[in-house]
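**Q** Requesting a structural model of the entry that follows:
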Amino acid sequence: MTGYDGETKNGVPHGHGIYTYAYGVKYVGEFKDGLPNGQGTFTFPSGAKYVGEFKNGGRNGQGTYTNADGEKYVGEFKDGLPNGQGTLTHPNGEKYVGEFKDGKKRSRGRRGKSWLSFRRSRSRL
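**A** Alright, predicted model coming up:
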């Protein structure tokens, strides 16, 4: 089921609302000109969840992404991916605290490992 329940402006989501996408993803939060913008929460059918800032429909700013197996990233996002300072915690308790670029951990002297479980999804209405 696809649908929107919330505030509108000129016939599009604007202000606080809930949008349920046909493929089971649900967004609850702020909209601007029909796109997620401001604070919000995306929940996915897999059990994954993103809570944080959105800009122009994408994850941009501070946020927390937890995937279905419990892996968790807390930190900065840019264009839907971890970028900047953040903490990645694995289900076994291991942590990486440091810098990320384009979704990859940055380590001095070696290439960062991709965070393969993070999907770059920029859902747009």
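
**Q** C-alpha only now, for contacts and for neighbours.
**A** Fine.

**Q** Mind checking the pLDDT average for whichever helix or strand Glu7 is part of?
**A** Secondary structure assigned from DSSP states H and E places Glu7 in strand 3-9. The average of the pLDDT scores along strand 3-9 is 96.

**Q** Moving C-terminal from that strand, which element do we reach first?
**A** strand 12-20.

**Q** Touching the helix or strand just after that next one from outside, list them.
**A** Using DSSP H and E, the next helix or strand after strand 12-20 towards the C-terminus is strand 26-32. Residues from elsewhere that reach strand 26-32 (C-alpha atoms under 8 Å, 6 or more residues apart in numbering): 13-20, 36-44, 56.

**Q** pLDDT (mean, whole number) over strand 26-32?
**A** pLDDT averaged over strand 26-32 gives 97.

**Q** Give the other helices and strands that whatever helix or strand comes next after it contacts.
**A** Counting by DSSP H and E, the next helix or strand C-terminal to strand 26-32 is strand 35-43. Under the contact definition 3 or more C-alpha pairs under 8 Å, 6 or more residues apart in numbering; DSSP states H and E, strand 35-43 sits against strand 26-32, strand 49-55.

**Q** List the strands paired with strand 35-43, with their directions.
**A** strand 26-32 (antiparallel), strand 49-55 (antiparallel) (DSSP bridges).

**Q** To Gln85, which of the ones you listed lies closest?
**A** Evaluated with C-alpha to C-alpha, the strands paired with strand 35-43 place strand 49-55 nearest to Gln85, the distance being 14.9 Å.

**Q** who's in contact with that closest one?
**A** Applying C-alpha under 8 Å, 6+ apart, the set of residues contacting strand 49-55 is 36-43, 59-67.

**Q** buried residues in stretch 16-29?
**A** Going by neighbour count (16 or more other C-alpha atoms under 10 Å), the buried part of stretch 16-29 is His16, Gly17, Ile18, Tyr19, Thr20, Tyr21, Val25, Lys26, Tyr27, Val28, Gly29.
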